[in-house]
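Asker: Model the structure of this input:
(chains A, B and C)
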Amino acid sequence: MNKFLNAICAGAVAALCASSANAETLRLLTWGGYAPDEVIALFEKKYPDIDVEVTFSNNEEMVAKLRATGGAGFDLAQPSVSRIKAAQSEYGIYKPIDISKIDASVIEPVLMDSVKKYATIDGELYSFPHQWGTQGLIVDVSKAPDLKGWTDLCDPKYSGRVSMRLKRGVLLGMAFDMGMNPFDAYDDPAAYQAILDKLEAKLIDCKKNVKAYWTGGDMLSNLMLSGEVVASDAWDSTAFKLYSQNPNIRFVPTRTGALAWIDTFTLPAKGKADDAAYKWINFVNQPEIVTMISKSSGAISAVKGGKELMPDAAREAVNLAFDDAAIANLKVMPSVPAGLEDMEGKVLDRIKAASD
Amino acid sequence: MFDLQCDNLTKMFGAFCAVNDVSLEVPSGSFFSILGPSGCGKTTLMRMIAGFETPSGGDIRIKGQSVLSIGPNKRNVKMVFQHLALFPMMDVGENIAYGLRCRGDSKSEIKTRVAAVLDRIGLAGYEGKRISQLSGGQKQRVAIARCMVLEPDVLLLDEPLGALDLKLREHMKIELKQLQHQFNTTFLYITHDQSEALVMSDNVAVMNAGRFEQIGAPEDLYRAPSSAFVAGFVGDSNRWSGTVTALDRDQVKVGLDGGATLVAPLAGGSSGQGGGSSNTGRLSVGDTASVFVRPEALVVTPGLLPDAPDRNRLQGTIDSFLFNGANSRVLVRTSRGELIEVDHRLDGGLSRESVGQDVTLEWPHAGGICFKAED
Amino acid sequence: MLRTDTGRLSLILLFTPFALWILLLIVLPQIGIGYLSLQVKLAPRVYEFGLANYFEFLNEPIYWNTLLRTAWISVLVTVLALLVGFPVAYYIAKIARKRSRAALFLLCLIPLWVSDLVRAFGWILLLRETGVFSSLLQGAGLIGEPVELLYNDVTVVMGLVYTVVLFMIVPLVSTMDGMDNALIEAGYNLGGSRFTVLRRIVIPYAMPGIVAGCIIVFMLCAGSYLTPVLLGGKNSMWFTEQIYQQFITRYNWEAGATFGCVLLAFTSLAVWLGLKLTGQNLASTVAKD
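Answerer: Residues are numbered from 1 along each chain as shown, chains lettered A, B, ... in the order given. Okay, here's the model as predicted:
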């Protein structure tokens, strides 16, 4: 598309990265907590000729950054599996991954299959699983013991005492709890719009319950720890971290099942250090490294027995949240088809702009 | 009837006394100047009269009424500021109308009054002009008109000519005097320029270090200064210091360091016009005294003449010749090394070629004046 | 000859950084944004040239409501900043002694030493339900239970005024500093009351500073992001937030670019309107003397 703009951006990024040309550099674009300093130190000790540079980001910004440069500027990215297909077909920012260079035997087969299902384009696999987790509810069980599902957030008795993140997670969760299956409608924009319309009405109606829409993990943590809100939608990792500070704050997978996400390793289209990237992937799948990363990210590794490799407190919180039924009930979030972001975005805007 | 009276007015800034026990009375319709060097307290005095400063002591009366409790915007005393303070965002008409609008005059009345006053100052039809379009002299007149349209009891003028160039300043001196006649209003004029004060005023108060040294008509100040300060500040003077060697009625004999002796009348003796009490006090033999002689009292005679009993004589050489038309001067270096200014008379026989020539300075005993030296 | 050549060379050398800055960092990106806003997406990787993005903006009330809301709050903030800033500036320029003037000015600058983010969090700590004010009010017995002072428009306005008031004070001080005290005294001397002097002399004189300050403050508000997003309530949408969302979370660069152009055009229009209404022009306010 806009080659002119791309050229400018690529030039700027190239200029910024030119300084670190000497030794091989692995430029990692990942989530906060996914590449703790101690792990980088160990990696650089093992491979003295590789420098690791980390940029922390989130799904949307990862895609935006790579789109700005046409996939240059980074050697390894970690978007969720749901952000592979549409982004690749629209912007061509990734390149296929060579699974033969990775020890895939350590990975939990269920997760490997999910990634294969959602990140294979034209027969080529683009991603490799790294960590996974879920999106559900975070609840202070001492104040809202019977809050079990998404629609319970709209229960009048919690008026002004709940929070939400006004993003797709809350749309999907609400839809399931209202008896609809948004994933089935992913390929049918009209049907999806019908679902969105119902969600819009529901969430505008629900607004009076909301104290504030949270925009960052810190804001959510503060709201929960101060007791200003009693429940919110949340990532389980946030809940597991807060559990160690207040054991009443639990993660509730919800009666319709938590929404599962898998963060992947994906190679940007113009990455220049593929070998180093493969080395990094294999490195972080070692059991002791898995524990270090899980400790700092709060998420569960995709390796076999990832849950057992979590730090003790987090493992306790996970076990408290998920029984076998809850695990079986997980809803893995599929790829988001192109165009859906826009439809969802407008609904979210209307909800935000509406007065309660 | 006095338009403005100040009784024992004092202003202290902390421990500093800016105005010290000053009293003055300005008769209606007169042009009164306060003359003094910068820092003498004259601006503070004026600001007290305008109401911008509160006196530490004493009283100010306008038309007999004390105005101490009246705010600056309610006193019928208007002021022309040093840099005029015309409002740059208003045009000429609005500047003049400002005071009338504050007073609450009707629109039509304001219009006629503004037109009338502009006509009086010779700027008829200038209502719509921007201030920046006016010349220096026109601005001056607008600033005065802006005050006069309010028919004040007293108009205060704070060195308004200071910012003008010399030529215009000379012209404006005359014009101001005429304006004062025309409006027949009491003017209180502040300046450090003695020629402005002397030319325009009916009465001048010479101020120094917060006090009035002397109040009087310009010619009295010039002819009969009552203090060494006034003698030195008003007009040009040559000054000698020496020791009193003899006292004879009003005549003082002063021995100069080099041996010469000058005779001069003691200040306040012969002429009682001075008004201010002589602060030279009693002179006695052995005191240090100063003798002041105006340049026009001196006569230069070629050649070295001996001392004479009826006049003062000093010998010297012509140092330089300062031509300035009627105000030309000759500088004579005396044998003691002083430079003396002498009025050059065109018929005096001296010219540029005379420089270096030996001459004798002489003047009658009554041509000088003697003060007890201050410290 | 040599002299004019070196003169020209030094002129070029001095002008180049400025020209490059304008060209590379302002003009080129803006052209890029303008170009992008005219790209209409037909299908993945298929674009067409057209105005559809602008029609999309006009057809969606949420978007222009957000813009109007942003504009209205920005105007409100500008007015409040003027009301708060004017007395402060007057005090610094006309009443404070020369020596304390620099210190007062520095005091005004102190908030700028802390980043926007930290200042916003400062407000959050003070105003949240379990925050300092709420606790103090409870402690004083004025309120029975915790009160939420955060997450509403009042907080946004307050936070913005606090952030931008300095940019109002600086031009006001510099304009009023140049004002001869004699103008004010003349105003009183000719019979003006305090109010008359303020209205007819001080304000007209300070007008270029007022307009310059208002332009800066309005632009800063309309373009601010952190403060409205962090302090804003659940109903508060800010236009820059909308732009961010289009660019980042929707991957809709075309719409984001369109919004950016609309914001630029809108604020320019507002500034032009402001100058017209106050009878000022850019030369008299920004490039005064």
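
Asker: quick one: contacts for residue 156?
Answerer: All of this is about chain A. A:Asn209 (C-beta atoms under 8 Å, 6 or more residues apart in numbering or on different chains). All C-beta atoms are positioned from the backbone trio N, CA, C, and that covers glycine.

Asker: Chain C is the one I meant
Answerer: Here C:Val156 is in contact with C:73, C:227-228, C:231-233, C:236 (criterion: C-beta under 8 Å, 6+ apart).

Asker: quick one: which of those is nearest chain A?
Answerer: Using C-beta to the nearest C-beta, C:Gly233 comes nearest to chain A of the contacts of C:Val156, at 6.7 Å.

Asker: helix, strand or coil for B:Leu68?
Answerer: At B:Leu68 the chain is in coil, as set by DSSP: H, G, I helix; E, B strand; the rest coil.

Asker: Chain B contacts on chain C?
Answerer: Within chain C, the positions adjacent to chain B are C:180, C:182-183, C:185-193, C:196, C:200-201, C:204-205, C:207 by C-beta under 8 Å from any C-beta of the partner chain.

Asker: residue ranges for the strands of the stretch 201-350 of chain B, please.
Answerer: B:203-208, B:211-216, B:238-248, B:251-256, B:261-265, B:288-293, B:299-302, B:311-322, B:329-334, B:339-343 (DSSP state E, counting those that start in this stretch).

Asker: between the ones you listed, which one is nearest to C:Leu14?
Answerer: C:Leu14 lies closest to strand B:311-322 among the strands of the stretch 201-350 of chain B, at 50.1 Å (C-beta to C-beta).

Asker: Name the surrounding residues that touch that closest one.
Answerer: B:260, B:262-264, B:300, B:304-307, B:328-335, B:339-340, B:344, B:350-352, B:354-365, B:367-368.

Asker: Could you check it and say which residues are buried?
Answerer: B:312-316, B:318, B:321 (16 or more other C-beta atoms under 10 Å in any protein chain shown).

Asker: go on, stretch A:346-356?
Answerer: Under the neighbour-count criterion of 16+ other C-beta under 10 Å, stretch A:346-356 has A:346-354 buried.

Asker: so the closest residue to A:Ile289 other than its chain neighbours, which of the three states?
Answerer: Nearest residue to A:Ile289 in three dimensions, chain neighbours excluded: A:Val39, at 5.8 Å (C-beta to C-beta, 6 or more residues apart in numbering or on different chains). With three-state DSSP as the basis, A:Val39 sits in helix.

Asker: Give the full set of residues in contact with the residue of the stretch 101-250 of chain B found nearest chain C.
Answerer: Residue nearest to chain C within the stretch 101-250 of chain B: B:Cys102 (3.9 Å; C-beta to the nearest C-beta). By C-beta under 8 Å, 6+ apart, the contact set of B:Cys102 is B:73, C:190-193, C:196.

Asker: quick one: what helix or strand has it in it?
Answerer: According to DSSP states H and E, B:Cys102 maps onto helix B:92-103.

Asker: related to what we said a few turns ago, will you turn the buried residues of stretch A:346-356 into JSON lines that also has distance to chain C, pLDDT and secondary structure?
Answerer: Converted to JSON lines, the buried residues of stretch A:346-356 look like this (distance: C-beta to the nearest C-beta, whole Å; pLDDT from 0 to 100; DSSP: H, G, I helix; E, B strand; the rest coil):
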{"residue": "A:Lys346", "distance to chain C": "7", "pLDDT": "88", "secondary structure": "helix"}
{"residue": "A:Val347", "distance to chain C": "10", "pLDDT": "92", "secondary structure": "helix"}
{"residue": "A:Leu348", "distance to chain C": "8", "pLDDT": "91", "secondary structure": "helix"}
{"residue": "A:Asp349", "distance to chain C": "5", "pLDDT": "89", "secondary structure": "helix"}
{"residue": "A:Arg350", "distance to chain C": "6", "pLDDT": "90", "secondary structure": "helix"}
{"residue": "A:Ile351", "distance to chain C": "9", "pLDDT": "92", "secondary structure": "helix"}
{"residue": "A:Lys352", "distance to chain C": "5", "pLDDT": "89", "secondary structure": "helix"}
{"residue": "A:Ala353", "distance to chain C": "5", "pLDDT": "86", "secondary structure": "helix"}
{"residue": "A:Ala354", "distance to chain C": "7", "pLDDT": "86", "secondary structure": "coil"}
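
Asker: re earlier: of the contacts of strand B:311-322, buried ones?
Answerer: Buried among those by 16+ other C-beta under 10 Å: B:260, B:262-264, B:300, B:328-332, B:334, B:340, B:344, B:350, B:354, B:359-363, B:365, B:367-368.

Asker: Which positions in chain A make contact with chain C?
Answerer: Looking at chain C, the residues of chain A close enough under C-beta under 8 Å from any C-beta are A:1-2, A:4-5, A:8, A:60-61, A:63-64, A:67, A:87, A:89-92, A:160, A:167, A:207, A:210-213, A:215, A:222, A:226-228, A:338, A:341-342, A:345-346, A:349-350, A:352-356.
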